[in-house]
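A.B. asks: What shape does this take:
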Amino acid sequence: MKKLLVLTDFSPNAAHAEAAALRYSAKLGWGIVLYHTLPFIPLIPSDTAGPYVTETTSMLFADARERLSLEADHLKKLAGSVPHYHPDIEIKNGEGTLSDVIEEISGQREIEMVIMGGRSDSALEHLLTGSDTAAVIRKAVKPVLILPTGAEQYIPQYVVFATDFNTADLPAIDFLIDLSETLGFHLDVVHVVQSNEVAADIVPEVTFSKFLAQRGLSCTQIPGKNVHKGLHEYCRAHQANVLAMTHGRHSLISRLFSQSESLTAITDKQSAVLVFPPAFNKSV
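C.D. replies: Residues are numbered from 1 along each chain as shown. Presented below is the predicted three-dimensional model:
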């Protein structure tokens, strides 16, 4: 069975993402893996500390597992409102930071997508400034959906994919096309044309356009002084629920990460961000 990997730290933000994952699970027919990781417990250099450290670690893991069980039970109760839906929910504990564990856990064959909560501000702002989130999108193997707490429309109706005509975007678009067939959202592929942009090589754009045409899609060119403002205005005008993009060495997100000036959020507090990490291409 295909599954959603839902990262939780038991916070209200994570609970919001869990509820969203339940909707996705019901619509897609996928299972849920509810995952929490504990940081490493540092060893205390003492002859008498060993048993204490072991006991403390065991207690923390037991507590986390109990809380995961409670979260799973809560989700199953919520699922009762969905006719003919009986969720398959698995709970897992990990040890280490998300940066330490996300590659292995997200790389498992049955995992199709990772879902995590963002802060109360915009999902993209969280993506660019939240250390845990940044680590997840760098090292995850599967697409990562980041949901701000203001996102009330769990199942998207309108998804905008921002492209730089990078070859890494191609499998990401195919993934979204497959997803749209079940979820029923409209997929809109866009490219922001900055006022000072000069295309030195049009081959990538031509190749990309042919790829889209074969799938019944086209790319909308958005004029804008900068990428941030252009995408923000377009997403707002079209009431996009999700902004999707790839992350890699030459990707749009890499350029956003390299910006030194204060970042203006592209999406608002009601929109999610779906990121295809660098390792995604190797997994498809």
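A.B. asks: distance between the ends of stretch 149-162?
C.D. replies: 23 Å (CA to CA, to the nearest Å).
A.B. asks: now it: mean pLDDT?
C.D. replies: On average, the pLDDT along stretch 149-162 is 84.
A.B. asks: buried set for that stretch?
C.D. replies: Counting neighbours by 16 or more other CB atoms under 10 Å, one finds that the buried residues in stretch 149-162 are 149, 150, 151, 154, 155, 156, 158, 159, 160, 161, 162. In short, each C-beta sits where N, CA and C put it, glycine included.
A.B. asks: ok, now stretch 216-225?
C.D. replies: Buried, per 16+ other CB under 10 Å, within stretch 216-225: 217, 219, 222, 224.
A.B. asks: Chain neighbours aside, what residue packs nearest to the first one?
C.D. replies: With CB to CB, 6 or more residues apart in numbering as the criterion, residue 217 has its nearest non-adjacent residue at 5.8 Å, and that residue is residue 189.
A.B. asks: and if you look at the last one?
C.D. replies: If you skip the residues right next to it in sequence, residue 224 has residue 230 as its closest partner in space, 2.6 Å away by CB to CB, 6+ apart.
A.B. asks: So which of the buried residues of stretch 216-225 are in strands?
C.D. replies: The members of the buried residues of stretch 216-225 that map onto strands under DSSP state E are 219, 222, 224.
A.B. asks: could these go into TSV alongside pLDDT?
C.D. replies: Shown next, in TSV, are those (pLDDT from 0 to 100):
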residue	pLDDT
219	96
222	90
224	75
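A.B. asks: The residue nearest to residue 224: which element?
C.D. replies: Assigned by DSSP states H and E, residue 230 belongs to helix 227-237.
A.B. asks: Just the CA atoms of that helix, as CSV, please.
C.D. replies: Only the C-alpha atoms of helix 227-237 are listed here, as CSV (Å, rounded to 0.1, in the frame of the first residue of the first chain):
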residue,chain,number,x,y,z
VAL,A,227,10.3,36.0,-8.7
HIS,A,228,8.8,36.5,-5.3
LYS,A,229,6.4,39.2,-6.2
GLY,A,230,5.4,37.6,-9.5
LEU,A,231,4.5,34.3,-8.0
HIS,A,232,2.8,35.8,-5.0
GLU,A,233,0.5,38.0,-7.1
TYR,A,234,-0.2,35.1,-9.5
CYS,A,235,-1.1,32.6,-6.8
ARG,A,236,-3.3,35.2,-5.0
ALA,A,237,-5.1,36.1,-8.3
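A.B. asks: between it and strand 219-224, what angle do the directions make?
C.D. replies: 120 degrees (axes from the mean of the first three to the mean of the last three CA atoms, to 10 degrees).
A.B. asks: wait, is residue 172 part of a strand?
C.D. replies: No - applying DSSP: H, G, I helix; E, B strand; the rest coil, one finds residue 172 to be helix, outside a strand.
A.B. asks: Kindly provide the distance from it to residue 164.
C.D. replies: 12 Å (CB to CB, to the nearest Å).
A.B. asks: and if you look at residue 89?
C.D. replies: Applying CB to CB, the value for residue 89 to residue 164 is 38 Å.
A.B. asks: neighbour-wise, which of the two wins?
C.D. replies: Comparing residue 89 with residue 164 by neighbour count (other CB atoms under 10 Å), the higher total belongs to residue 89, at 24 against 21.
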